[in-house]
Structures are given as C-alpha cells and as structure tokens.
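S.K.: Pasting a predicted model and its sequence here:
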Amino acid sequence: MAQKTAQKAPITGALNDSDRDITGKTLQGTLVDLIDLHLVAKQAHWNVVGKFFRDVHLQLDELVSTARGFADDVAERCAAIGVSPDGTAAKVAESSNVPKFELGWRSDRDVIEAVVNSLAAVIHPLRIRIGETDKTDLVTQDLLIGIAQELEKSHWMWQAQLAAD
C-alpha cells in the first residue's frame, strides 16, 4: 500500500497559523452545533402533535432554515480561512452540544421546551467562541455575533410561548 505524502493546503487565508487554528476550532464547534440544531428541529417538526401543532410546526421550519443557512455561512468561513470544515454525521454525533431529542410523537409543549433547551445549548458555547475570536479574527467574530443575535432572538420567541402558561 502506498504511503500518503503530506499535501500542501490548496486554500490559504489571511490568518497566521495560530490564529487560523484557534478560529478554525471555534468555527468547527459552531458548525456541528448548527447542523445538529437543524436536525433536531426537523425531527421535532415531523413529530410534534397538540393543540398548537400548526404554529409550532411552522416555527420549526423557520428554525431549520435559519440553522441551515448559518451552518453554510460558518462552513464557508472555515474554507475561506483555509480550514476544511467537517459536517459529517460522525463529527456531529461526536461533538455537538445539542441535547438528544427523544424519538416518537411529542406534545407541542414538550417540543417547545426541547427547542428552548437546544437553543440555549448552542448559544452558550457560541458566546464563549465570540470571545475566543476577539484577538484571532474579527471577521469570524462578526459572523458569530450575527448568529448569536438571531439565535438569541429565536430563543426568546420560543421561551415566550412557555411563559403564557
């Protein structure tokens, strides 16, 4: 069997090696969380039942679209700085911060609670990553701040549904 030789990275960015490594890790962590958030929201979308089914079902579609779009933005930022993004199922399963979503039919209230918890599990490390990119890459930090802004808005809107009870 032939031995692989070291391959020069085909994509280089403006960051030095240390800043690229730190920034790449923050982006990779964010990527897997966003992919898993999108998958959890889609699973919930297919399995929600209850009095507020339609509203929750449609709101879940919005969350899926948001998470997917942000995941693509994050993966493309990885590539732009010379880091190959890993969005494989194995990587997501191994390193996501998103809590497991139990299988089967779930009441609208249970789904809302699960989404609130999932969003919190994505937002908390995202805020830490924003701080980690303060000295390494302000462009990435700006991207992460924008993502945090939208996810925190979504988190508030999901929580508001629980407050009415």
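M.R.: Received, thanks.
S.K.: Scan the chain for its longest helix.
M.R.: Secondary structure of the chain per DSSP state H: the longest helix is helix 17-47.
S.K.: Output the below-cut-off pLDDT ranges for this protein.
M.R.: In the predicted model of the chain, residues 1-7, 164-165 satisfy pLDDT under 70.
S.K.: Kindly recompute the last result at 90.
M.R.: 1-13, 164-165 (pLDDT under 90).
S.K.: Geometric centre of this protein: which residue is closest?
M.R.: Leu34 (1.6 Å; Cα atoms, centre = their mean).
S.K.: show me what contacts it?
M.R.: With contact set as Cβ atoms under 8 Å, 6 or more residues apart in numbering, Leu34 has these partners: 67-68, 70-71, 74, 122, 147. Just so you know, the C-beta spots here come from the backbone N, C-alpha and C atoms, and that holds for glycine as well.
S.K.: And for the spatially closest residue to it that is not a sequence neighbour, the neighbour number?
M.R.: Leaving out its chain neighbours, the residue that sits closest to Leu34 by Cβ to Cβ, 6 or more residues apart in numbering is Ala71, at 4.0 Å. Neighbour count for Ala71, taken as other Cβ atoms under 10 Å: 22.
S.K.: between the contacts of Leu34, which is nearest Thr136?
M.R.: Nearest to Thr136 among the contacts of Leu34 is Val74, at 15.2 Å by Cβ to Cβ.
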